[in-house]
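S.K.: Sequence first, predicted coordinates after that:
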Amino acid sequence: MVAAAFTDSALTDPSRQLRLLIDSVHDHALYLLDPDGIICSWNPGAQRIKGFAAEEVVGTHFGRFYLAKDRDAGEPQRLLQLAARDGHHASEGWRLRKDGSSFRASIVIEPVVEQGQLLGFVKITRDITESWQAQRLLRDAQRALRQTQQFETVGRLSRGLSHEFNNLLTTIGNAIDLVSLRVGQDPRAQELLASAQAATDRGALLTRQLLAFSSGQTLVRDRVDINALIGGQLDALQRSCPPGIGLDTSMTLDLPPLCLDRAQLETALANLVANAAEATPPGGRVRVATALERRLDPDADGHVERAYVTLRVHDEGRGMAPEIAERASEPFFTTKDIGKGSGLGLSQVFGFTTQSGGFVDVATTPGVGTTVSLLLPAIEDSTHDR
């Protein structure tokens, strides 16, 4: 009988009804503000979400829950003004907990008005961090899917075009060879033939880059010592740099061998050094380095590490803005003037590295420079097993 009497009293007393209602809500912060934004009440849901007990916040300004930049911009006062003007305000934003961590909040502010006088505000806050993150992940996945589908379409087109183009270049190259046997020592004819052969070689390089991007090439895998390969290319790489641009190397000794296409690795290195040299101002230097790293295998199931030989090419240029870095590997994307770049250099690098079982890291800082790292799977045996 005592319990029944208590229940009847609790449910018929309006003030107790309101208190029970507010105190029973644990997934929303419900509290009152005075007209200036001073906290007047604090429910258990507010303590659970924000971490403050009632005695820590009652009598203080609700702007304490906002990020410093939002407080400095007057965001708390602006929201109260909007709620008072419009009779309601709802929005999302980042808020602070007692421990200094931030969470994504969905907020509603309702003005409390009696006989035309503003008495204060009801503030309702809900933590939507998990749903917000899920929406972001879904959006990123959809964007990645669209990009993958676009790349697959361009890749199929690139494979078809490159094979047809390669057949045409073979015919042109054979014709140039035959003509060169018949023109004798005519200097002008020899000059024209040399230009035609150079254009044919350039076309052949573009064809290989297209195939590398589209993963349509057949890699001729061989056992490669990357330090020896770089050493054999150093003179040619230095010649490819403009006057005044130096080339430094830093090789880690006793690296395990790689199993990949030697010619494609040479082309990738030449592309990276050419890009780095072009980005480096006069008097600057391009650095080529090798190292051994253990990284998580992105293609393995579970937490599996393996050894990667890392080839890094660093320039001292202006770096890339984030929006440019995101598109650096796209086929045909280039910041160079028309006729000065095909936009296939980094596409070849990404395509070859991916087809070889590795991956590419690009680290760039505007005003400092860019480092492109190729992580190529090492041949792991008892000698090099770390």
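M.R.: Received the coordinates, thanks. Numbering: from 1, shown residues only.
S.K.: switch to C-alpha atoms for all contacts and neighbour counts from now on
M.R.: OK.
S.K.: Quick check: mean pLDDT of the helix or strand encompassing Glu278?
M.R.: Following DSSP states H and E, the helix or strand that holds Glu278 is helix 262-279. Across helix 262-279, pLDDT averages out at 86.
S.K.: name the helices or strands packed onto that helix?
M.R.: For helix 262-279, the elements it packs on are strand 221-224, helix 226-240, strand 285-296, strand 305-314, helix 345-355, judged by 3 or more CA pairs under 8 Å, 6 or more residues apart in numbering; DSSP states H and E.
S.K.: Can you list the helices and strands that the longest one packs against?
M.R.: Read that as helix 226-240. Using 3+ CA pairs under 8 Å, 6+ apart, helix 226-240 sits against helix 262-279.
S.K.: Return the alpha-carbon coordinates of the helix it packs on using CSV.
M.R.: Extracted C-alpha coordinates of helix 262-279, given in CSV (Å, rounded to 0.1, in the frame of the first residue of the first chain):
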residue,chain,number,x,y,z
ARG,A,262,63.5,-4.7,-63.9
ALA,A,263,62.6,-2.4,-66.9
GLN,A,264,59.4,-1.2,-65.2
LEU,A,265,61.2,-0.4,-62.0
GLU,A,266,63.8,1.6,-64.0
THR,A,267,61.0,3.5,-65.7
ALA,A,268,59.3,4.2,-62.4
LEU,A,269,62.5,5.5,-60.9
ALA,A,270,63.2,7.7,-63.9
ASN,A,271,59.7,9.1,-63.7
LEU,A,272,60.0,9.9,-60.0
VAL,A,273,63.4,11.5,-60.4
ALA,A,274,62.2,13.6,-63.4
ASN,A,275,59.2,14.8,-61.4
ALA,A,276,61.3,15.5,-58.4
ALA,A,277,63.9,17.4,-60.4
GLU,A,278,61.3,19.5,-62.1
ALA,A,279,59.8,20.5,-58.7
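S.K.: Show me what it is in contact with.
M.R.: For helix 262-279, the external contacting residues (CA atoms under 8 Å, 6 or more residues apart in numbering) are 219-222, 224, 229, 233, 237, 240-242, 245, 285-286, 313-318, 345-346, 348-349, 352, 370, 372.
S.K.: what's the angle from it to strand 285-296?
M.R.: For helix 262-279 against strand 285-296, the angle by axes from the mean of the first three to the mean of the last three CA atoms, to 10 degrees is 130 degrees.
S.K.: what angle separates the helix holding Glu278 from helix 226-240?
M.R.: 40 degrees.
S.K.: most neighbours per residue, which of the helices and strands packed on helix 262-279?
M.R.: Highest mean neighbour count among the helices and strands packed on helix 262-279 (mean count of other CA atoms under 10 Å): helix 345-355, with a mean of 24.
S.K.: just to revisit the earlier point, figure out which of the helices and strands packed on helix 262-279 is closest to Pro44.
M.R.: Ranking these by proximity to Pro44 (CA to CA) places strand 285-296 first, at 43.6 Å.
S.K.: what are the pairing partners of that closest one, and which direction each?
M.R.: The sheet places strand 285-296 alongside strand 246-250 (parallel), strand 305-314 (antiparallel), with pairing taken from DSSP bridges.
S.K.: quick one: which of the ones you listed is nearest Gly87?
M.R.: In terms of CA to CA, the element of these nearest to Gly87 is strand 305-314, at 57.7 Å.
S.K.: Report the mean confidence score over that closest one.
M.R.: On average, strand 305-314 scores 91.
S.K.: neighbouring contacts of that strand?
M.R.: If you take CA under 8 Å, 6+ apart as the criterion, strand 305-314 is touched by 255-256, 258, 272-273, 276, 286-297, 358, 369-378, 380, 386.
S.K.: Reformat the helices and strands packed on helix 262-279 as TSV; add distance to Thr129.
M.R.: As requested, those are exported to TSV (distance: least, CA to CA, whole Å):
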stretch	distance to Thr129
strand 221-224	48
helix 226-240	47
strand 285-296	28
strand 305-314	32
helix 345-355	35
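S.K.: Minimum distance to Thr60: which of the ones you listed has it?
M.R.: Closest to Thr60 of the helices and strands packed on helix 262-279 is strand 285-296 (CA to CA; 48.6 Å).
S.K.: surely His89 meets Leu79?
M.R.: Yes: with contact defined as CA atoms under 8 Å, His89 counts as touching Leu79 (7.2 Å).
S.K.: ok, back up a step: and the helix holding Glu278, which residues are buried?
M.R.: Residues 262, 264-279 are the ones in helix 262-279 that count as buried (16 or more other CA atoms under 10 Å).
S.K.: And stretch 94-114, by the same measure?
M.R.: Buried, per 16+ other CA under 10 Å, within stretch 94-114: 94-97, 102-112.
S.K.: between the helices and strands packed on helix 262-279, which gets nearest to Leu137?
M.R.: Leu137 lies closest to strand 285-296 among the helices and strands packed on helix 262-279, at 21.6 Å (CA to CA).
S.K.: List phi and psi for Ala363.
M.R.: Ala363 adopts backbone torsions of phi -120, psi 120, taken as degrees, to the nearest 10.
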